[in-house]
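Asks: From the sequence below, what's the structure:
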Amino acid sequence: MSNGHFSHLLTGVWLLWQAVLVIGTGTKLWEVPTGSFKSLSNLSESLQWEPHCQYHYLQDRVRITAKIPPRLDGTWVSTRCEVRPGPEFITRAYIFHPSRHFKALQHYYTDSGCEDPAYSLLIRGKIRLRQASWITLGGTEAEHHLSKVGIVLHSSAAKQRLASRLPPSCVGLSLSRAAPGMLHEMYNTRAGRGCLEALGFSMMELGLMRVETQHHHHGGKVQELFLGDIHTDWTQRTQHRPTGYQQPLQHAMHHIHPCPVCALVYRSSEQRPPVLPRSPAVPLSLAGRWVSQRCETHPTILFLTRDFTFDPDQHTWEGIYQHYSEPTCSQPTFTLRALGHYAQGNPSAKLSGASEFVFKVTQVSVTPMEESTTKLLNSTRPGKCGHPGGWEVGVEQDLTPTDGCTMLGIKLPHKEYELFKTEMDHRKHPLLFIGERPSDGSNPDRVQRRPTSFQAPMEHCSGGVTQQSRSAFNSKQVQLAASGTERLSQLVVLVFGFVLCGLLCVY
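Replies: Next up, the predicted model:
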């Protein structure tokens, strides 16, 4: 699909989305509700894997709750070295006070292991929770006001690198007097934000948030703070209104155990950035099956789980994307299954430990899981999107004979340029990181569009290639959950075509 066609589709879908929201709510999209927030409490996600590949929250008998509005009080810290688009390597420690004031520490590094600190930002401001999000269900919208932003350089080399990125006016005003180890003010309420924007700095992530609490059967709990996603295009990040989430921060008093990174980040300051311990290298091995760790919220309002199977001997892969209408992944809307081949390339020059891949999709199948989507697919012209009139709820149909689906922007075969990395989690279980999708919904179909950051990690759950992932969504075995409200079904129809345009390879 051409960029022009994609832009028209995106604009049209977005306008229709807003129209339905306004009609459905009877008020303006960004109007603050006059009534109080309703507290929502979600039980553990009802994901049903095969017995050998159990969703670990269910396996560990974990109950998950998420209240609206979220309770932010306390300190929230990174659990690993985070990779942002660019790439940028960062650890974060955010403190929220009952007075609504916040203090945020962002430590930036030169390496993907967060072992070599470059500079730290000290951000102070105030935040106001506005309303339950009408765009990203389960999230809360907020607005923030910055009062001060200071920078501490950790080496002369870091100062030179920053000076090369900033315009001369910022170098003269902000960096010329900044000595390593000393806090230098880059912004206050009387100064403009030009230098901050040139640095790529933005706190737009505070515009969308969600707090989840995991209640473990032994009485302990883990709290996670999800903040808005960072735009994959550097030029758009300072104006980006998030619709998805970054990898979560965890509460300093209620985090996973063991978590040595949590302790290091918690004890850090702008003068003493955390230096993370070197992690042992994990050889990249894709063999077997990998699944989502949780119900994932992606930009452009996508709630989904991913299920991949790789066969290194044949260089084949299969990906199953199960989509839902809400953030607990209990009401399925449609399933997309993609198959094809892949080739491993060189180690990434930008991200240590990551490898470049090229994926080719040769077959795509879709299973509508509710009536509205089925009606949409049955309205297509003959030969353009599967068998017209043959779409049924819960029945998978192959799009390969029609070379995809013109109406939905699916064209087969299709090639994408990807980035993969494996790590071990705190339980010494392997995790697979797959490149982050472009925020504008397009595909990384050129080398220049190869991702520079990652999506949420996936868990390894089997040692060999099996056929169970294919049979898991066989039309005879699909169990439909509750269809949800009529308004949610209408929203699914509006965004269905746009969603599938970006689902041609590894999500």
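Asks: Which of the three states applies to residue 310?
Replies: At residue 310 the chain is in strand, as set by DSSP: H, G, I helix; E, B strand; the rest coil.
Asks: wait, is residue 179 part of a helix?
Replies: No. Assignment of residue 179 by three-state DSSP gives coil, placing it outside any helix.
Asks: Can you pull the phi/psi pair for it?
Replies: Main-chain dihedrals, residue 179, degrees, to the nearest 10: phi -90, psi 150.
Asks: what's the spacing between the residue lying closest to residue 326 once chain neighbours are set aside and residue 65?
Replies: Distances taken as Cβ to Cβ, 6 or more residues apart in numbering place residue 137 nearest to residue 326, at 5.3 Å, with adjacent residues excluded. The way it works is simple: take the backbone N, C-alpha and C, and place the C-beta from them, glycine included. Distance, residue 137 to residue 65, using Cβ to Cβ, to the nearest Å: 16 Å.
Asks: What residues does the residue in the chain sticking out farthest from the centre make contact with?
Replies: What lies farthest from the middle of the chain is residue 177; by Cα atoms, centre = their mean that is 38.0 Å. The contact partners of residue 177, by Cβ atoms under 8 Å, 6 or more residues apart in numbering, come to residue 184.
Asks: Distance-wise, check it relative to residue 171.
Replies: For residue 177 relative to residue 171 (Cβ to Cβ), the value is 11 Å.
Asks: Against which helices or strands is the helix or strand where residue 361 lies packed?
Replies: Element membership of residue 361 [criterion: DSSP states H and E] is strand 355-368. Helices and strands touching strand 355-368, by 3 or more Cβ pairs under 8 Å, 6 or more residues apart in numbering; DSSP states H and E, are strand 332-347, helix 371-378, strand 397-398, strand 414-424.
Asks: buried sites along the last one?
Replies: With burial defined by 16 or more other Cβ atoms under 10 Å, the residues of strand 414-424 counted as buried are 414-423.
Asks: Next: the first one.
Replies: When neighbours are counted by 16+ other Cβ under 10 Å, the buried residues of strand 332-347 are found to be 332-342.
Asks: any idea which of the buried residues of strand 414-424 is closest to residue 283?
Replies: Using Cβ to Cβ, residue 422 comes nearest to residue 283 of those, at 7.5 Å.
Asks: which residues of the stretch 401-507 of the chain fall in helices?
Replies: Listed in chain order, the helices of the stretch 401-507 of the chain (DSSP state H, counting those that start in this stretch) span residues 468-471, 486-501.
Asks: Compare those and say which comes out lowest on pLDDT.
Replies: Lowest mean pLDDT within the helices of the stretch 401-507 of the chain: helix 468-471, at a mean of 36.
Asks: Report the angle between the strand holding residue 361 and strand 332-347.
Replies: 160 degrees (axes from the mean of the first three to the mean of the last three Cα atoms, to 10 degrees).
Asks: quick one: strand 355-368 to helix 371-378, angle?
Replies: Angle of strand 355-368 versus helix 371-378, following the same axes, to 10 degrees, is 100 degrees.
Asks: Give the rounded mean pLDDT of strand 355-368.
Replies: pLDDT averaged over strand 355-368 gives 95.
Asks: With stretch 218-235 instead?
Replies: 92.
Asks: Just the buried residues of that stretch, please?
Replies: Those would be 221-232, for stretch 218-235 by 16+ other Cβ under 10 Å.
Asks: between these, which is nearest residue 256?
Replies: Distances from residue 256 to the buried residues of stretch 218-235, taken by Cβ to Cβ, are shortest for residue 222, at 5.8 Å.
Asks: ok, what's across the strand from the nearest residue to residue 460 once chain neighbours are set aside?
Replies: The shortest distance from residue 460 to any non-neighbouring residue, by Cβ to Cβ, 6+ apart, is to residue 430 (4.4 Å). Counting by DSSP bridges, residue 430 forms beta bridges with residue 424.
Asks: who's in contact with residue 430?
Replies: 282, 285, 422-424, 459-460.
Asks: Repeat that for residue 452.
Replies: Taking Cβ under 8 Å, 6+ apart as the test, what residue 452 contacts is 83, 85-87, 232, 350-351, 419, 435-436.
Asks: can you list those residues in TSV and add distance to residue 200?
Replies: Output for the contacts of residue 452, formatted as TSV (distance: Cβ to Cβ, whole Å):
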residue	distance to residue 200
83	14
85	10
86	8
87	12
232	12
350	16
351	18
419	20
435	20
436	16
